[in-house]
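Participant: attaching a predicted model along with its sequence, questions to come.
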Amino acid sequence: MFTVGDKIVYPMHGAGVIEKVEEKKILGETRKYYILRVPCGDMKIMIPVESCQEVGVRNVLSDEELLKVLECLHSETTEMSTNWNRRYRENMEKLKTGDAFEVAEVVRNLMRLDKEKKLSTGEKKMLSNARQILQSEIILVRNIDQKKASEMIEDTV
């Protein structure tokens, strides 16, 4: 179980800080929720405490782990399907894992693909979402602002 002040990552939404744990009654059911503030977009997310493990909530990376993720951004592009629909589904599966290396791989591959040829609207949105997920974790690990985190990604890819 996490506590107030912990920095955690919620797959598909990004990293944030637990502001409080509170009980809420939703659809007639009372449950405990983590109230997570995500630094990108100033968003608040309610995460049911009991389902954290099954959805893949994890602690943010250490600084050493973040360095390895940044190396991943710099490494070779992995092979992707030429069919945009299949590529989209494969990348979505990677994002759903919440694994920082998988998210970095999606960011790297889509950023490079976008420079070669324009991405579809769906892939542009996916790239934007993946970048925000990665940025939120960089912000919390390095204690920097969103602009610096974005530049860090841009400079590394």
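Facilitator: Nice, I can see it. Residues are numbered from 1 along each chain as shown.

Participant: how does this structure divide into domains?
Facilitator: Using automatic domain parsing, the domain ranges for the chain come out as 7-59, 63-156.

Participant: what lines up beside the lengthiest strand in the chain in the sheet?
Facilitator: In the chain, ranked by residue count with DSSP state E as the criterion, the top strand is strand 14-26. Strands that pair with strand 14-26, judged by DSSP bridges, come out as strand 7-10 (antiparallel), strand 29-38 (antiparallel).

Participant: got the contact list for it?
Facilitator: Residues lying outside strand 14-26 but in contact with it, judged by C-beta atoms under 8 Å, 6 or more residues apart in numbering, are 2-10, 30-40, 43-46, 49, 60, 132-137, 139-140. From N, CA and C alone the C-beta is placed, and that goes for glycine too.

Participant: same deal with stretch 142-157?
Facilitator: Looking at what lies outside stretch 142-157 - C-beta under 8 Å, 6+ apart - the contacts are 39-40, 63, 66, 70, 73-74, 107-108, 111-112, 131, 134-136, 138-139.

Participant: for this structure, what's the longest helix?
Facilitator: Using DSSP state H, we find that the single longest helix of the chain is helix 121-142.

Participant: quick one: mean pLDDT over that helix.
Facilitator: Helix 121-142 carries an average pLDDT of 94.

Participant: can you name the element that comes right after it?
Facilitator: Scanning forward in sequence from helix 121-142, with DSSP states H and E defining helices and strands, the next element found is helix 146-156.

Participant: buried ones in that following helix?
Facilitator: Along helix 146-156, these residues count as buried under the neighbour rule (16 or more other C-beta atoms under 10 Å): 149-150, 152-153, 156.
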